[in-house]
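what follows is a predicted protein model with its sequence.
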Amino acid sequence: MGEGTEVVSKKSLREMDWDGVLDYLKKEHQELAENIEKFDKGMQKSVCNSIRDDARFLESLLSSKNILNEFEAYCSKAPKLAKDINFLRFYSLSRHAAQSSKKKCFLDDIIVDERMGFVTFTRKSNGAELAKYRNGVMEIDSKILSRNGRFSKNIMFDEIYMPNCVYKIRGNDGVQYLFNTDEFGRIYNVKASRLSAKNLNENILSRQQNAYFLGEEWETSFNQLEKMSKSNDINVEVKFQFDDNGMPKYAVIESDVKGQKHTIKHKTSLEDVIPFKNDGINKEKRTLREICKKPIPQELISKLDEMGLDPFVVKRIKEDLSKMGSDKVPHPSINGHVDLKDIAWPGISPKLPDKESLIIAIKKNKKGIDLKDIGDRDIRDVSYDIARQTLADKYGITKEQAKDLIGLLDLVPHETENGVLQLVPTNVHKFKQLYAHKGYVSKMLKQINGKDVVD
């Protein structure tokens, strides 16, 4: 989206009525406006209001000039769906997310149809019915529930959710889930019955697309709830609230275990989250705000003097590291994407090899390795070597010294989706509750042999 569009979408656009938005589109994005005008007046109004209220929706519509025509063709066997603004938003955002990550969109493997008053979603590859939809309620097929009550994969109930929708899941023995989404497709309320404590944690609290983080206090509260519960005997309502930037603000978990009431309230802001676990990161218990503002603590900076490097080199490194950091905390992962550039080592951003060059480098490290045997570790061996060589060249030190330098400062190479290497704080990169992502490593591995991995 161009600079002009971004300015309007953040300021003037929010103050316009729907026909004002359409007039703006006619001036700035004529082809999109013409396609919107092919809808009836009611749908035109809904589309323009949604563009006004959600900048992501406009961005997704602008990502492909044919997206509205493709949407109409996609819904050809389900005319009710073609007039559903919430499904259009879901469709457009899903397409845009797939395009951004250079993946095939899951919607391409789904056939939509109308049967007995429902819109049905059937998988092309095996003919399995995934869900059926009517009047804002999406009923997910019960096969999503495995024997132990955990959710298995269902591509209609995954990372992107339809706005203003109720996702209903029914199992055996009275098990039921109702996931409610808001106008931005965020889960804001969940009601569920006949759960185990483990299912509550895995199926509801870990499902938030913004990776809602409850913190260490939640573990104590959860342990209490787990002791109260004997098996699948928890009825629960979970309420989430978000701040003006769309970040999780608080959660309230109200449970009933055979008549015993238990309420857990947790309020937090992203900046105040303290990364923990994951190989013992952040032993200093610093908040994300503190880590991002000064990624490398002064006590580690001081240890540079003990490395035996030339004093002039140490001075240069310290000067560069003094520019490292930001008042801004990176947004948690969305659809496997994170942006850590604001907290990366300034001036260290080498380009990573393309697929063919990467394979050559891996085979140089591991002579005779078959493509099918290549794993994420083999790719990281190459990228880590590039990180060390880049530091060595920049500061006139050896690769071994560069390796020690990265370790001393508690940094880790981060390979971005577009193939750029950055050196970022381990405390953020390894904080998988918020920043689990799929970047260069997963992309290359998929291209080489089809394996999947989270970076």
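Now that the structure is in, tell me what you want to look at.

which intervals of the chain have sub-threshold pLDDT?
1-11, 101, 207-219, 244-248, 268, 277-279, 335, 452-455 (pLDDT under 70).

okay, domains of it per the record?
Following automatic domain parsing, one finds the domains of the chain at 1-62, 118-272, 288-449.

with mean neighbour count and distance to Leu107 as extra columns, can I get the ones you listed in CSV?
All C-beta spots, glycine's among them, are computed from the backbone N, C-alpha and C. Shown next, in CSV, are the domains of the chain (neighbours: other C-beta atoms under 10 Å; distance: least, C-beta to C-beta, whole Å):
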stretch, mean neighbour count, distance to Leu107
domain 1-62, 17, 13
domain 118-272, 16, 9
domain 288-449, 17, 14
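
check contacts around the nearest residue to Asp109 once chain neighbours are set aside.
Once flanking residues are discounted, Asp109 sits nearest to Lys124: 5.1 Å by C-beta to C-beta, 6 or more residues apart in numbering. Contact analysis of Lys124 by C-beta atoms under 8 Å, 6 or more residues apart in numbering lists Asp108, Asp109, Ile110, Ile111.

and the two most separated of these?
Asp108 and Ile111 (10.2 Å; C-beta to C-beta).

mind checking which of these two has more residues around it?
Set Asp108 next to Ile111 and count neighbours by other C-beta atoms under 10 Å: Ile111 wins out with 15 against 10.

return the distance of that one relative to Lys77.
8 Å (C-beta to C-beta, to the nearest Å).

what of Asp370?
44 Å.

start to end distance for stretch 169-182?
18 Å (C-alpha to C-alpha, to the nearest Å).

and the contacts of that stretch?
Counting by C-beta under 8 Å, 6+ apart, 139-140, 142, 144-145, 149, 151, 157, 161-168, 187-195, 203-204, 207, 232 sit against stretch 169-182.

distance of Val428 from Leu421?
16 Å.

need the longest helix for the protein.
Longest helix in the chain, counting residues (DSSP state H): helix 376-395.

show me what that one is packed up against.
If you count contacts as 3 or more C-beta pairs under 8 Å, 6 or more residues apart in numbering; DSSP states H and E, helix 376-395 packs onto helix 311-321, helix 355-365, helix 399-408, strand 411-415, strand 421-425, helix 440-449.

to Ser60, which of these lies closest?
helix 440-449 (21.2 Å).

next one: that closest one to chain centre, how far?
18 Å (C-alpha atoms, centre = their mean, to the nearest Å).

show residues contacting that helix.
By C-beta under 8 Å, 6+ apart, helix 440-449 touches 102, 336, 352, 355, 358-359, 371-372, 374-376, 379-380, 383, 415-419, 451-455.

name whatever forms a beta bridge with the residue positioned nearest the centre of the chain.
When C-alpha atoms, centre = their mean is applied to the chain, the residue found nearest the centroid is Ile334 (1.9 Å). Ile334 forms beta bridges with His337, as assigned by DSSP bridges.

tell me how far it lies from His437.
Distance from Ile334 to His437, by C-beta to C-beta: 9 Å.

go on, Asp410?
For Asp410 relative to His437 (C-beta to C-beta), the value is 19 Å.

repeat that for Lys227.
For Lys227 relative to His437 (C-beta to C-beta), the value is 35 Å.

then His429?
For His429 relative to His437 (C-beta to C-beta), the value is 9 Å.

and Glu34, by the same measure?
Glu34 is 38 Å from His437, by C-beta to C-beta.

could you do Ala361 as well?
23 Å.

same thing with Ile343?
14 Å.

please, where are all the helices along the stretch 1-150 of the chain?
3-10, 18-28, 30-36, 41-53, 55-62, 67-74, 79-82, 85-100 (DSSP state H, counting those that start in this stretch).

columns distance to Glu306 on top of those helices, output as JSON lines?
Converted to JSON lines, the helices of the stretch 1-150 of the chain look like this (distance: least, C-beta to C-beta, whole Å):
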{"stretch": "helix 3-10", "distance to Glu306": "47"}
{"stretch": "helix 18-28", "distance to Glu306": "58"}
{"stretch": "helix 30-36", "distance to Glu306": "60"}
{"stretch": "helix 41-53", "distance to Glu306": "56"}
{"stretch": "helix 55-62", "distance to Glu306": "48"}
{"stretch": "helix 67-74", "distance to Glu306": "58"}
{"stretch": "helix 79-82", "distance to Glu306": "65"}
{"stretch": "helix 85-100", "distance to Glu306": "44"}
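
what's the closest of the ones you listed to Gly347?
It's helix 3-10; of the helices of the stretch 1-150 of the chain, that one is closest to Gly347 (C-beta to C-beta) at 25.9 Å.

wait, Ala387 touches Leu421, no?
Yes - between Ala387 and Leu421 a contact is recorded at 5.7 Å, counting by C-beta atoms under 8 Å.

overlap of the contact sets of those two?
Ile348, Pro350, Pro413.

and the contacts of the helix or strand containing Asp256?
Per DSSP states H and E: Asp256 is located in strand 248-257. Contact partners of strand 248-257, identified using C-beta under 8 Å, 6+ apart, comprise 200, 205, 208, 210, 212-214, 221, 225, 228-229, 233-243, 261-270.

residues near Ala98, how many?
Other residues close to Ala98 by other C-beta under 10 Å number 17.
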